[in-house]
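Participant: Turn this into a structure:
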Amino acid sequence: MNFSKYKRSIIACVLALGIGVGGGYYFFGNPVTHQTTVKEQTKQTKPITDTRNTYVVQAAKESGPAVVGITTQVFQKDIFNRTIYAGEGVGSGVLIDNDGHIVTNNHVVAGAKNGEVTVSLSNGSTVTGTVIGTDAQTDLAVVKIDPPKDIQPIKIGDSDSLQVGEPAIAIGNPLGLEFKGSVTSGVISALARTIDDQGQRFPLIQTDAAINPGNSGGALINADGELIGINSSKISKEGVEGMGFAIPINSAMTVVDSIIKNGKVVRPYIGVWAVDRQTAARNNVSYEGEGLLIVQLDSNGPAAQAALVEGDTIAQIDGKNISTLLELKEQIDAKSPGDTVLVSYTHNGKMKSTQLKLGQATSK
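Facilitator: Model (predicted):
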């Protein structure tokens, strides 16, 4: 077959991938148009009855103080290439320790001038936060503030123990800080969801708890008030409701710990761009193979050095079958730079195997 023509078609479909995913931070343009003014309800003074004191109430009281607002000033170039103020974006974040580290989404703090953001605490005060590291591949970032005396970090849960159907509670700032600390509840709708084959690093938690613009970076908690996910996105198609997604906290904390320690994420690197059968089918590309078709390589990367070429199909990593991009990422991400893996692949219709030493990639 004419692989050059085939390659161009596949790369085009890879670049064209999109699913209508929303739930990003809330942007206030400049100048500001009409905004709704919302007054916060007077705090409860009478004792709450046992009937009303549900798990949602208790979990929100336990974890709500750890959810913060993050405001990022947005700048852009005018027609004269001058940098001008364009407005501000508002998202959410979660205090995770007594040192003042806050987890949020990368897209919430992207473009922060001088790496600084404004953090709105649950007690009504605002402080300056510093972005100490980001990771675009997982859409995670860490912001550091000087810890206040009354700091109340959230309790970290175990996302690997989640069950479909158990309660899920989202806390964040939908539509900006006027609605700060909003609580919505639902259930865990599904686990290990894939919504973006090309960019997604690990399976996501699906929930029907409402996640709206401004909730990004906020907390998804369980009935015990423990953090089980970082709210990230929703399916924003007409007629679709109750399909929000969160990054599992067990996966997120690996990235977060690396950012806190190194200021960036260090991960193993194989040096291939590939597509699976599902991706090809959705884009009307004829590919019926079981593995991952390599459409492009880093000429200096580990795969190229191990003699793999464009048009080869990756079938296994260390003896485990690989049929999707997410499976490949999970297998590689479980290793460390410098580790050696056994890659089984087909070349011109023949199965081959080779030892491949993983390189190193860092987040920007």
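Participant: now the residue most central in space within the chain: how far from residue 290?
Facilitator: Taking C-alpha atoms, centre = their mean, the centroid of the chain lies closest to residue 139, which sits 3.8 Å from it. As judged by C-beta to C-beta, to the nearest Å, residue 139 and residue 290 stand 30 Å apart. For glycine as for every other residue, the C-beta is placed from the backbone atoms N, C-alpha and C.
Participant: Ok, residue 108 next?
Facilitator: 39 Å.
Participant: who's more crowded, the two?
Facilitator: Per other C-beta atoms under 10 Å, whichever of residue 108 and residue 290 has more neighbours is residue 108, with 30 against 12.
Participant: Quick one: name whatever helix or strand follows the strand or helix carrying the more buried one.
Facilitator: Secondary structure from DSSP states H and E places residue 108 in helix 106-109. On the C-terminal side of helix 106-109, the nearest following helix or strand under DSSP H and E is strand 116-120.
Participant: buried residues in that following strand?
Facilitator: 117-120 (16 or more other C-beta atoms under 10 Å).
Participant: helices or strands up against it?
Facilitator: strand 67-77, strand 126-135 (3 or more C-beta pairs under 8 Å, 6 or more residues apart in numbering; DSSP states H and E).
Participant: can you tell which of these is closest to residue 169?
Facilitator: strand 67-77 (10.9 Å; C-beta to C-beta).
Participant: Contact partners for residue 306?
Facilitator: 343, 354-357 (C-beta atoms under 8 Å, 6 or more residues apart in numbering).
Participant: Can you tell me which of the residues you listed end up in strands?
Facilitator: 343, 354-357 (DSSP state E).
Participant: Just put the residues you listed in JSON lines and tack on pLDDT and neighbour count.
Facilitator: JSON lines is the format used below for the ones in strands among the contacts of residue 306 (pLDDT from 0 to 100; neighbours: other C-beta atoms under 10 Å):
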{"residue": "343", "pLDDT": "94", "neighbour count": "23"}
{"residue": "354", "pLDDT": "93", "neighbour count": "15"}
{"residue": "355", "pLDDT": "93", "neighbour count": "9"}
{"residue": "356", "pLDDT": "92", "neighbour count": "23"}
{"residue": "357", "pLDDT": "93", "neighbour count": "13"}
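Participant: Would you tell me which one of those comes nearest to residue 144?
Facilitator: residue 357 (35.0 Å).
Participant: Identify the residue spatially nearest to the closest one, adjacent ones excluded.
Facilitator: residue 340 (5.1 Å; C-beta to C-beta, 6 or more residues apart in numbering).
Participant: thinking again about what came up before, now tabulate the ones in strands among the contacts of residue 306 in a markdown table and tack on distance to residue 266.
Facilitator: What follows is the ones in strands among the contacts of residue 306, written out as a markdown table (distance: C-beta to C-beta, whole Å):
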| residue | distance to residue 266 |
| --- | --- |
| 343 | 21 |
| 354 | 24 |
| 355 | 22 |
| 356 | 18 |
| 357 | 16 |
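Participant: Might you list the low-confidence residue ranges for the stretch 101-250 of the chain?
Facilitator: Of all residues in the stretch 101-250 of the chain, those with pLDDT under 70 make up the ranges 174-179, 196-201, 213-214, 233-242.
Participant: how about the helices in it?
Facilitator: 106-109, 249-262 (DSSP state H, counting those that start in this stretch).
Participant: hey, which of the ones you listed is tucked in deepest?
Facilitator: Among the helices of the stretch 101-250 of the chain, ranked by average contacts under mean count of other C-beta atoms under 10 Å, first place goes to helix 106-109 (a mean of 25).
Participant: who does that one touch, helix- and strand-wise?
Facilitator: strand 67-77, strand 83-95, strand 126-135, strand 140-144.
Participant: Check which helices and strands the third one sits against.
Facilitator: Secondary structure elements in contact with strand 126-135, counted by 3+ C-beta pairs under 8 Å, 6+ apart, are helix 106-109, strand 116-120, strand 140-144, helix 249-262.
Participant: contacting residues for residue 157?
Facilitator: Residue 157 neighbours (C-beta under 8 Å, 6+ apart): 221-222, 224, 226-228, 249.
Participant: What of residue 259?
Facilitator: 132-135, 140-142, 265, 363.
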